[in-house]
Structure formats: structure tokens, C-alpha cells
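*Asks:* With the sequence up front, the predicted model follows.
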Amino acid sequence: CSSDLVLLCPTRVSIVDSTNMKLLLVLVFAAFATASYVENFEAGWESRWVEGKKWKPSHEMGKWEWTAGKWYGDAEDKGIQTGQDARFYSLSADMGEPIFNEDKDLVIQFSAKHEQNLDCGGAYIKLMPEGIDQENFGGDTDYAIMFGPDICGTGTRRTHLIFTYKGVNLLSKKEIRCETDQLSHLYTMILHPDNTYEVQIDQETVESGSLFENWDFLPAKQIEDPAASKPVDWVDEEMIPDPEDQKPEDYDDIPAQIPDPEAAMPEDWDEEDDGEWEPPMIDNPEYMGPWTPKMIKNPEYIGVWVHPKIDNPDYFEDDKVYNVCNPCKYVGFELWQVKSGTIFDDIIVTNDVAEAKAAADDTWGVKHAAEKEMFDKIEADRVAKEEAERKKMEDERKAMEAEEEEDEEDDDDDYEDEDEDDQEL
């Protein structure tokens with residue numbers, strides 16, 4: 001065996017200690033293997049997931065429910081649902097086999113259904129490195145990627161895609177849209193080794209591009225020269241007031257408002273009782289506002305001063321900013337929701353884009369049409385019931401008005417009879 005391969009050579013492996021062998025195996029595995037984590041929340045899911053009960057006081061933490069929801073494509077296909085309003089949620093799972101993505105694609109995919117018509121809250125997923133404390137998993141826990149929808153009113157309706165790079169959480173410069181209805185939607189994030197990304201919703205691309213262009217992974221190549229400053233005598237005012245322009249002598253005699261010439265004193269106006277009548281005031285069409293001198297070109301104008309730039313001494317290059325899982329070991333949800341009811345399902349984290357596509361076809365792809373059909377029927381029944389109740393209330397109101405009108409007519413007849421009796425007497 002070559003000395004370069006001594007660690008792999010069966011005849012010479014005895015010279016390698018166990019620690020180095022373990023490290024070598026990890027490196028070899030990371031370099032050539034693809035890994036996948038799949039969670040469809042079948043029975044027994046609780047044994048695989050850990051609640052972050054130490055993150056917040058117990059009365060602030062929400063409970064998770066296992067359900068297919070109120071509308072679904074398959075009643076037996078259940079996910080996990082946030083179960084209490086105005087609560088924090090923390091849930092994480094060990095993915096088992098660590099997932100690396102150096103020189104590989106990385107895919108995160110899951111479905112989210114906001115049955116509660118989410119008004120304010122997150123529905124995103126996180127990948128975390130090795131060594132986290134699952135019972136304390138919360139907002140301050142280190143993570144590699146945060147991905148998924150975040151909604152609060154009409155101002156915040158986005159799909160987050162946040163990367164942690166050199167200890168800093170980097171937000172996307174682009175606003176990636178999200179879905180806001182009450183149906184299940186499939187969110188897919190794909191990272192490629194060429195430092196590009198793609199975000200899909202329901203298997204359709206909604207954003208893609210360069211990681212360098214859409215996140216500030218690297219410092220600017222050039223910065224403004226800190227030693228340079230605009231000269232004190234630099235003139236950057238292109239226009240100046242004309243020093244020869246003079247305000248007309250009678251300019252200030254024109255009032256801003258004048259009495260309305262078309263107004264007339266009302267016929268019923270009594271000056272003894274109402275006082276002297278004065279017409280209302282209107283804007284004067286001849287008023288030109290406060291006088292200002294006309295502007296002329298500044299003969300001393302130099303131009304806009306541009307701060308000179310220099311090469312950034314802190315600049316560095318990195319052609320592997322995509323490599324965020326080194327490795328990723330845990331997956332989890334760390335959320336706050338005002339109104340609970342979001343159902344998560346069909347999670348896959350993998351290096352295999354085709355595997356993620358097949359998983360999508362076999363899960364969300366199979367269920368979503370039937371789910372929408374059930375939802376539409378429930379909505380139609382709800383609208384019909386509300387319309388029937390509205391019509392019933394309207395009919396009752398009309399009947400009550402008719403009864404009151406009939407009583408009034410009877411009262412009028414009684415009064416007429418009494419009047420006739422009085423006249424006979």
C-alpha cells in the first residue's frame with residue numbers, strides 16, 4: 001500500500017489509533033455519502049421529538065397535538081399542530097445520521113397548514129449543529145438554517161431563509177413570499193454547491209439566484225477611504241437664489257384669503273339677533289404664496305463629491321458559503337403564535353434533490369387536491385348555514401315588524417271607536 005493511503009490499507013491499519021480511524025471514517029463518509037432525514041409524524045412520533053420545556057416558564061409554552069386537522073386528504077395521515085393561543089413552542093429531533101453538504105446539494109422540505117387563518121406567528125423550521133441542549137432549545141440556540149413562513153398582519157408575510165455564517169444570522173435581501181390561506185402548502189429550499197439557491201412553494205419556484213447577491217456573506221471588496229473627507233471649500237449646490245432678484249413692492253399686499261364674492265346673506269338672517277353678517281372666506285386665486293427669489297445656476301458649482309474608495313483590508317473570498325451543515329444534527333420548531341392551529345408534516349432533509357421531489361409527489365402531491373375539495377365543501381356549508389341563519393333572523397325581524405304594525409292599527413281602531421262613543425254622548 002502507498003504511504004499516502006496508510007490509514008486505509010488493511011495490512012497496515014494497526015499503526016493507526018482508534019481516534020484517527022474514527023475521524024477518517026467520518027471524513028470519508030461526509031465526502032462521498034448522501035444522507036436523508038424523513039419525518040411523517042406517524043404513531044410514536046413523541047419518542048423521537050423533545051419539547052424545550054426549559055426554554056420558557058411552563059405557562060408560556062404551548063402544547064402540541066397530533067391530528068390530521070379539520071380538513072385533510074387522508075384522515076389517517078396526521079401531523080403535529082400548535083394547540084394553544086398566545087404561546088411559545090419548542091420541539092426538536094435528533095436526525096440520527098449527521099447531514100453534511102460540502103460539495104453536495106442540501107434540501108429542506110416540509111408542509112405547513114394554517115387552519116386558524118394565522119394572523120401573527122411563525123411557521124418555520126430550523127437545522128441545528130451538534131451539541132445543542134434540546135430541553136433548552138429556543139430563540140437563542142445556535143442554528144445553521146431557518147426556513148419557512150412568517151406572518152403578522154398585512155405587513156409581514158414572508159418566507160424566511162436565514163443562514164448562520166461565521167456566527168452571524170444573515171437575512172435575505174429579497175422578500176420571499178409565502179402562502180396565507182388555510183390549506184397545506186409545501187415549502188422547499190434547495191442549496192447547490194455552486195452557491196445558488198432555490199425556494200419552491202407547492203413544487204413551483206418562487207425565488208432563486210446567487211447566495212452572494214441575496215445575502216451579505218462576504219464583506220465589500222472596496223470601502224470608503226476613512227482618511228478622505230469632502231474639502232471644506234467644496235461647492236456642491238448646483239442652484240442658488242438669484243441675488244439680483246427683488247420682491248415686488250406690492251407682493252405682500254395680496255391676501256391669502258378673500259371674502260367669497262358669490263356668497264349672499266341668508267334670507268332669514270337677522271342682524272339684530274344674529275349680528276353683522278360676514279361672507280365666508282375662500283382662497284385667493286391671485287395669492288402666490290410666500291415670495292422666494294428665482295433660482296439660477298451656481299457659477300461656483302463643482303459637482304457632487306464622491307467619496308473615494310480603497311480596497312477593503314478585511315475582504316476575503318469564500319467559494320463555499322453554501323456549506324452550512326458541518327454537520328447539521330438536529331431539526332426543530334421554535335415558534336411564537338398568537339392564534340394556534342398550524343399543522344406541520346412531511347419533513348425531509350436530504351442531499352438528494354430527486355429524493356425530495358419523490359417525497360413531495362408521494363405526500364403533499366397525493367393529498368392536496370382532496371384536502372382542498374374537503375375544505376371547499378366545509379366552507380360552502382358554512383356560508384350556506386350563515387346565510388340560512390341570516391335569512392331566519394331577517395324573517396323574524398319582518399314578522400315582528402308586521403306584528404307591531406298590526407298592533408298599532410288595532411290601537412288606532414280602538415281610539416276611533418272611543419272618539420265615536422264620545423261624540424254620541
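*Replies:* Cool, the structure landed.
*Asks:* Next, the buried residues of stretch 174-186.
*Replies:* 176, 178, 179, 182, 183, 184, 185, 186 (16 or more other C-beta atoms under 10 Å). Just so you know, the C-beta spots here come from the backbone N, C-alpha and C atoms, and that holds for glycine as well.
*Asks:* What is the nearest of these to residue 345?
*Replies:* For the buried residues of stretch 174-186, the residue nearest residue 345 by C-beta to C-beta is residue 184; the value is 7.4 Å.
*Asks:* and residue 45, what is it in contact with?
*Replies:* 39, 66, 80 (C-beta atoms under 8 Å, 6 or more residues apart in numbering).
*Asks:* rewinding a little: looking at the buried residues of stretch 174-186, which two lie furthest apart in space?
*Replies:* 176 and 182 (20.5 Å).
*Asks:* Before we move on, what's the pLDDT of residue 368?
*Replies:* We note a pLDDT of 96 for residue 368 in this prediction.
*Asks:* Kindly indicate whether it is helix, strand or coil.
*Replies:* helix (DSSP: H, G, I helix; E, B strand; the rest coil).
*Asks:* Look up the closest residue to it, ignoring the ones flanking it.
*Replies:* Nearest non-adjacent residue to residue 368, counting by C-beta to C-beta, 6 or more residues apart in numbering: residue 184, 6.0 Å away.
*Asks:* State the distance from that neighbour to residue 74.
*Replies:* 11 Å (C-beta to C-beta, to the nearest Å).
*Asks:* Identify the contacts common to the two.
*Replies:* Here residue 184 and residue 74 share the contacting residues residue 367, scored by C-beta under 8 Å, 6+ apart.
*Asks:* Touching stretch 365-377 from outside, list them.
*Replies:* 71, 72, 73, 74, 77, 182, 183, 184, 186, 202, 203.
*Asks:* What about the nearest residue to the third one once chain neighbours are set aside, how many residues nearby?
*Replies:* Spatially, and ignoring its direct neighbours in sequence, residue 73 is nearest to residue 367 (2.8 Å; C-beta to C-beta, 6+ apart). As a burial measure, residue 367 scores 20 neighbours (other C-beta atoms under 10 Å).
*Asks:* Also residue 198?
*Replies:* By other C-beta under 10 Å, 17 other residues sit near residue 198.
*Asks:* next one: the one 3 residues further on
*Replies:* By other C-beta under 10 Å, the residues close to residue 201 number 18.
*Asks:* before we move on, the earlier item: and the gap between the residue nearest to residue 73 and residue 77?
*Replies:* 7 Å.
*Asks:* cool, residue 318 as well?
*Replies:* In terms of C-beta to C-beta, residue 318 sits 42 Å off from residue 77.
*Asks:* Kindly report the same for residue 157.
*Replies:* Per C-beta to C-beta, residue 157 is found 27 Å from residue 77.
*Asks:* and what of residue 393?
*Replies:* 40 Å.
*Asks:* Between the two, tell me which one has more neighbours.
*Replies:* Taking neighbours as other C-beta under 10 Å, residue 393 and residue 77 compare with residue 77 leading, 18 against 10.
*Asks:* Let's see the pLDDT reported for the residue lying closest to the more buried one once chain neighbours are set aside.
*Replies:* The spatially closest residue to residue 77, leaving aside those adjacent along the chain, is residue 68, at 6.0 Å (C-beta to C-beta, 6+ apart). Note for residue 68: predicted pLDDT of 97.
*Asks:* Residue 68 - how many residues pack around it?
*Replies:* Neighbours of residue 68 using other C-beta under 10 Å come to 19.
*Asks:* need the strands for the stretch 201-350 of the chain, in chain order.
*Replies:* Under the criterion DSSP state E, counting those that start in this stretch, the stretch 201-350 of the chain contains strands at 204-210, 222-224, 239-241, 257-259, 281-283, 295-297, 309-311, 328-337, 342-350.
*Asks:* closest one to residue 142 among those strands?
*Replies:* Going by C-beta to C-beta, the one of the strands of the stretch 201-350 of the chain nearest residue 142 is strand 328-337, 10.2 Å.
*Asks:* pLDDT of the closest one, averaged?
*Replies:* On average, strand 328-337 scores 98.
*Asks:* And for stretch 219-232?
*Replies:* For stretch 219-232, mean pLDDT rounds to 96.
*Asks:* Ends of it, what's the gap?
*Replies:* Start and end residues of stretch 219-232 are separated by 31 Å (C-alpha to C-alpha, to the nearest Å).
*Asks:* Give me the contacts around that stretch.
*Replies:* Counting by C-beta under 8 Å, 6+ apart, 236, 305, 307, 308, 309, 310, 311, 312, 314, 315, 316 sit against stretch 219-232.
*Asks:* from the chain's centre, how far out does that stretch sit?
*Replies:* Averaging C-alpha coordinates over stretch 219-232 and over its chain gives two centres that are 36 Å apart (C-alpha atoms, centre = their mean, to the nearest Å).
*Asks:* same thing with stretch 377-388?
*Replies:* Counting by C-alpha atoms, centre = their mean, stretch 377-388 comes out at 30 Å from the chain centroid.
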